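> got a sequence here, can you build the structure:
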Amino acid sequence: MAEGLTDVTDASFEEEVIKSDIPVLVDFWAEWCGPCKQLTPILAELAKDNAGKLKICKVDVDPNQGTASKYAIRNIPTMLLFKNGEIVQQMVGVKPKGKIQEDIDKVL
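Below is the predicted model of the structure:
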């Protein structure tokens, strides 16, 4: 896992994301997904840029199908931005760092 990113599973999702006291950007991805791998270094930079204000987590959809199903993840990468346990933003596909930061800034 890239520095600053938290690996989250079905078992840890509620504790790491829903109960977080700061906003959380969750990246739903898979090992075999090329665009997902392109997104990881962007997310690592964003984690560093927003340290202390935002948590960035990654959920591998293959072993964590319960969480992926609960949030109706149909395409990957899909990023969901949570604040106070609620989804406030959804982004599908690889986006430039600046665009993702704009969406983050709306909830910080």
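> could you say which helix or strand holds the residue nearest in space to the middle of the chain?
For the chain, Val26 is the residue whose C-alpha lies nearest the centre (C-alpha atoms, centre = their mean; 1.8 Å). Following DSSP states H and E, one finds Val26 within strand 24-29.
> Lys95 now?
Applying DSSP H and E, one finds Lys95 in no helix or strand.
> now it: phi and psi?
Main-chain dihedrals, Lys95, degrees, to the nearest 10: phi -120, psi 150.
> Pro41: how many residues sit nearby?
By other C-beta atoms under 10 Å, 11 other residues sit near Pro41. Every residue, glycine included, has its C-beta placed from N, CA and C.
> actually Lys58, not the one I typed
The number of residues near Lys58, taken as other C-beta under 10 Å, comes to 22.
> what of the one 4 residues further on?
Other residues within reach of Asp62, judged by other C-beta under 10 Å, total 13.
> for the protein, just list every one of the strands.
Along the chain, counting by DSSP state E, strands occupy 5-7, 24-29, 55-60, 78-83, 86-92.
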